[in-house]
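K.L.:
Got a sequence here, can you build the structure:
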Amino acid sequence: MKKLMTGKQALLEMLKIEEVEYIFGNPGTSEAPFIDLLGDYPEFKYILTLQESVAVGMGESYARATGETSFVSLHVDSGLANGIALMLDALNSGTPMVITSANYDARKINESKTDLADLVRPVTKWSVELNLPDQIPGALRRAFNEANSYPKGPVYVGFTANALEGVAEMDILPSKKAYATTYPDPNGVEQAAKMIANATNPVLIVGDRVSDDDALGSAVEFADSLGLPIYQYGGAEVSFPTTHPQYMGILSLRLLSDRIRLKDFDVIIAVGLDAFEDIFYWGNKILPSSAKLIHIDPIAGRVGRSEPTDVGIIANCKTALDKLNKQMHGKIPQSVIDRRRDEIKKEVCLKRTTYEESVRIGWDETPMSAARMMYELSESMPSNAIIVDDAVSNRGALRHYFNATKKGDIRGIRGGSIGGGIGATMGAQCANPDRPVFGIIGDGSAMMTIQGLWTAANDNIPCIFVICNNGMYRVLKVNFNIYQKDILGETEPAGASLPYSDFPSPFNVAAIANSMGVNSERILNPEDIGPAVDRALKEKKPYLLDIVIDGSL
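P.N.:
Predicted coordinates:
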């Protein structure tokens with residue numbers, strides 16, 4: 001039944017019927033009309049951020065953790081522009097979000113009035129700006145539908161002052177979830193099964209969309225039944241249990257050892273990932289000509305996009321793996337499967353041992369190594385902790401010492417931007433109020449959105465921020481070394497002395513946190529990490545551990 005109401009009231013009524021709980025935002029003058037009404041809607045929890053990237057980071061992490069579309073409110077064009085970097089990440093990684101901002105009076109057409117929808121069109125699935133109040137319910141209903149339909153992603157709705165303040169008769173009706181499970185083509189499954197049955201050394205590589213499609217269990221069953229080694233590519237979500245004896249870790253083309261290892265396989269089964277995409281150009285074809293690629297993904301445009309594909313299957317990851325596993329039943333002798341398992345377990349054990357031997361050099365030095373820091377943290381954290389991984393160049397050490405058995409145990413920052421970690425840590429905590437959340441964040445990334453610490457204190461979001469304080473943009477040095485040595489073929493290790501990547505005045509992040517109302521400690525010695533984690537957990541308030549580590553390459 002239609003009711004007479006203002007556009008700003010319709011906006012909040014739509015959020016109410018969409019069962020939005022949190023509004024992550026940074027308001028401005030143009031958003032004041034609906035902000036003023038929030039006092040009449042106590043069901044909403046407005047989380048005030050001091051910079052828009054913090055709000056977008058919170059919304060992105062919250063949506064991934066809950067599986068529901070999040071709502072983010074930014075300010076006109078300047079604030080909206082501040083959020084673009086992390087909106088692009090959300091688009092590339094398929095995170096469902098509805099992002100809004102308000103514009104000024106539509107009659108200011110002869111003056112400086114930005115086309116807000118056009119500003120963010122490249123980083124959203126759909127964007128629109130509204131001038132009339134009765135456009136609001138239908139546009140928001142479509143926005144939630146668009147954000148939550150596959151492939152998921154961020155959607156933008158802008159409101160002029162005329163739309164918010166105008167009055168009209170409107171229906172308030174919710175969006176309805178569109179259920180879609182794409183089944184694999186039987187011909188593709190049959191071809192893939194024949195290829196795997198004839199393989200001498202196949203491998204399974206899983207990506208984030210295995211987790212998004214709730215296919216982790218299917219991936220485990222598939223790998224177990226065939227005795228396959230498993231790599232993860234990307235690793236923002238847990239797409240395979242890291243404790244599984246056949247799990248080889250995260251595959252990175254930036255590691256020479258991984259590029260060499262990849263050439264050993266004759267059939268590669270890539271599921272739920274953008275096959276071998278990376279910031280560096282490794283050639284028009286990554287795999288050797290003797291290798292065959294089976295690429296399974298729910299997004300049609302991703303199959304065969306970068307790497308030549310022998311069998312492409314566009315389907316939900318879970319249904320495809322289940323069908324393929326059924327098709328493979330009895331096609332490989334059990335003796336072959338058992339031999340593969342034994343060989344893989346030995347390789348996994350050797351890989352872990354080799355890593356641990358390599359980091360023992362300098363284990364007791366000061367400042368402590370990243371490996372020592374991650375080891376002490378892993379030994380100190382409760383078993384139900386959620387880890388938000390924004391460790392950037394220290395990610396390898398983090399993933400070696402922290403295990404994850406199910407979706408959400410570790411949540412990495414998706415996309416190419418840094419600065420998402422502080423907001424993502426708070427968003428994960430809002431979504432998981434009954435579990436401790438630790439954000440392990442590089443100092444350079446943390447400083448991009450350091451204002452987020454105030455939000456944690458202001459709303460008493462009891463997450464724990466752990467800063468990897470190496471006094472530099474270490475990832476720049478690491479990547480430039482790779483670029484010089486592996487791409488250009490030069491031998492000079494340029495990264496060690498790369499200008500403008502060091503912080504000559506290192507950040508005292510603990511002092512910054514204290515100034516924003518977050519209790520904190522600065523830690524120099526590894527034996528102090530465990531007791532500090534205990535103190536942080538007992539606080540049941542936001543807390544920050546500023547851990548000084550060695551950044552040398």
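K.L.:
use CA for all of it now, contacts and neighbours both
P.N.:
Fine.
K.L.:
Can you tell me who the closest residue to residue 139 other than its chain neighbours pairs with across the strands?
P.N.:
Leaving aside its chain neighbours, residue 139 sits nearest to residue 157 (7.5 Å; criterion: Cα to Cα, 6 or more residues apart in numbering). Beta-bridge partners recorded for residue 157 (DSSP bridges): residue 100, residue 128.
K.L.:
Contacts only, for residue 157.
P.N.:
Contacts here follow Cα atoms under 8 Å, 6 or more residues apart in numbering; on that basis residue 157 touches 98, 99, 100, 101, 117, 127, 128, 129, 130, 139, 140, 143.
K.L.:
cool, and residue 80?
P.N.:
52, 74, 101 are the contacts of residue 80 under Cα under 8 Å, 6+ apart.
K.L.:
Out of the residues you listed, which is nearest to residue 506?
P.N.:
residue 52 (25.2 Å; Cα to Cα).
K.L.:
Now do the contacts for that closest one.
P.N.:
By Cα under 8 Å, 6+ apart, the neighbours of residue 52 are 25, 26, 74, 79, 80, 82, 83.
K.L.:
just residue 225 next, same as before
P.N.:
325, 337.
K.L.:
now it: how far from residue 215?
P.N.:
15 Å (Cα to Cα, to the nearest Å).
K.L.:
wait, is residue 465 part of a helix?
P.N.:
No: Residue 465: not assigned to a helix; according to DSSP: H, G, I helix; E, B strand; the rest coil it is strand.
K.L.:
Specify the beta-bridge partners of it.
P.N.:
Under the criterion used (DSSP bridges), residue 465 bridges to residue 439, residue 544.
K.L.:
Pull the number of nearby residues for it.
P.N.:
27 (other Cα atoms under 10 Å).
K.L.:
And the helices in the stretch 301-450 of the chain?
P.N.:
317-328, 334-360, 370-380, 395-401, 421-431, 443-448 (DSSP state H, counting those that start in this stretch).
K.L.:
now for those helices, which one comes closest to residue 205?
P.N.:
Of all the helices of the stretch 301-450 of the chain, helix 317-328 comes closest under Cα to Cα, at 12.3 Å.
K.L.:
Show me what that closest one is packed up against.
P.N.:
helix 186-197, helix 208-212, helix 216-226, strand 292-297 (3 or more Cα pairs under 8 Å, 6 or more residues apart in numbering; DSSP states H and E).
K.L.:
quick one: average pLDDT of the last one?
P.N.:
Okay, so that is strand 292-297. For strand 292-297, mean pLDDT rounds to 97.
K.L.:
Then stretch 220-235?
P.N.:
96.
K.L.:
Spit out the contact partners of the residue most central in space within the chain.
P.N.:
Nearest to the geometric centre of the chain sits residue 414, at 3.1 Å (Cα atoms, centre = their mean). For residue 414, the contact set (Cα under 8 Å, 6+ apart) comprises 89, 90, 93, 236.
K.L.:
Next: residue 497.
P.N.:
residue 477.
K.L.:
Quick check: residue 269 is in a strand.
P.N.:
Yes: the assignment for residue 269 is a strand, going by three-state DSSP.
K.L.:
What are the phi and psi values at residue 3?
P.N.:
With angles defined as degrees, to the nearest 10, residue 3 sits at phi -130, psi 150.
K.L.:
still on that earlier bit, can you tell me which member of the contacts of residue 414 has the lowest pLDDT score?
P.N.:
Where pLDDT dips furthest among the contacts of residue 414: residue 93, at 85.
K.L.:
Now residue 202: phi and psi?
P.N.:
Torsion angles, degrees, to the nearest 10, at residue 202: phi -80, psi 160.
K.L.:
how about the nearest residue to it, chain neighbours excluded?
P.N.:
residue 267 (4.6 Å).
K.L.:
One more: residue 178?
P.N.:
Nearest to residue 178 is residue 149, by Cα to Cα, 6+ apart, at 6.5 Å.
K.L.:
Which pLDDT value goes with that neighbour?
P.N.:
For residue 149, pLDDT reads 91.
K.L.:
quick one on the thing from earlier: Throw the helices and strands packed on helix 317-328 into JSON lines and include distance to residue 509, thanks.
P.N.:
Converted to JSON lines, these look like this (distance: least, Cα to Cα, whole Å):
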{"stretch": "helix 186-197", "distance to residue 509": "52"}
{"stretch": "helix 208-212", "distance to residue 509": "32"}
{"stretch": "helix 216-226", "distance to residue 509": "37"}
{"stretch": "strand 292-297", "distance to residue 509": "41"}
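K.L.:
burial count for residue 228?
P.N.:
Residue 228 has 22 nearby residues by other Cα under 10 Å.
K.L.:
Please enumerate residues in contact with stretch 523-531?
P.N.:
366-368, 372-373, 376-377, 379-380, 545-549.
K.L.:
Try it again at 7 Å.
P.N.:
367, 368, 372, 373, 376, 377, 380, 545, 546, 547, 548 (Cα atoms under 7 Å, 6 or more residues apart in numbering).
K.L.:
Mark which of the residues you listed are buried, thanks.
P.N.:
367, 368, 372, 373, 376, 377, 545, 546, 547, 548 (16 or more other Cα atoms under 10 Å).
K.L.:
can you list the weak-confidence ranges in the stretch 251-400 of the chain?
P.N.:
For the stretch 251-400 of the chain, no stretch is flagged by pLDDT under 70.
K.L.:
Please repeat the previous calculation with a cut-off of 90.
P.N.:
Applying pLDDT under 90 to the stretch 251-400 of the chain picks out residues 279, 283-284, 300-301, 306.
K.L.:
try the stretch 51-200 of the chain
P.N.:
Using pLDDT under 90, the stretch 51-200 of the chain drops low at 92-93, 105-113, 150-151, 176-182.
K.L.:
buried residues in stretch 532-540?
P.N.:
For stretch 532-540, by 16+ other Cα under 10 Å, it's 532, 533, 536, 537.
K.L.:
Now the first one, what are its backbone angles?
P.N.:
The phi and psi values for residue 532, taken as degrees, to the nearest 10, are phi -70, psi -40.
K.L.:
Looking at it now. What's its pLDDT?
P.N.:
98.
K.L.:
Which residues does stretch 120-131 contact?
P.N.:
87-88, 91, 106, 116-117, 153-160, 162-163.
K.L.:
Nearest to residue 388, out of those: which one, please.
P.N.:
residue 87 (18.4 Å).
K.L.:
Who are the packing partners of the helix or strand harbouring that closest one?
P.N.:
Counting by DSSP states H and E, the element that carries residue 87 is helix 84-93. With contacts defined as 3 or more Cα pairs under 7 Å, 6 or more residues apart in numbering; DSSP states H and E, the packing partners of helix 84-93 are helix 52-66, strand 154-159.
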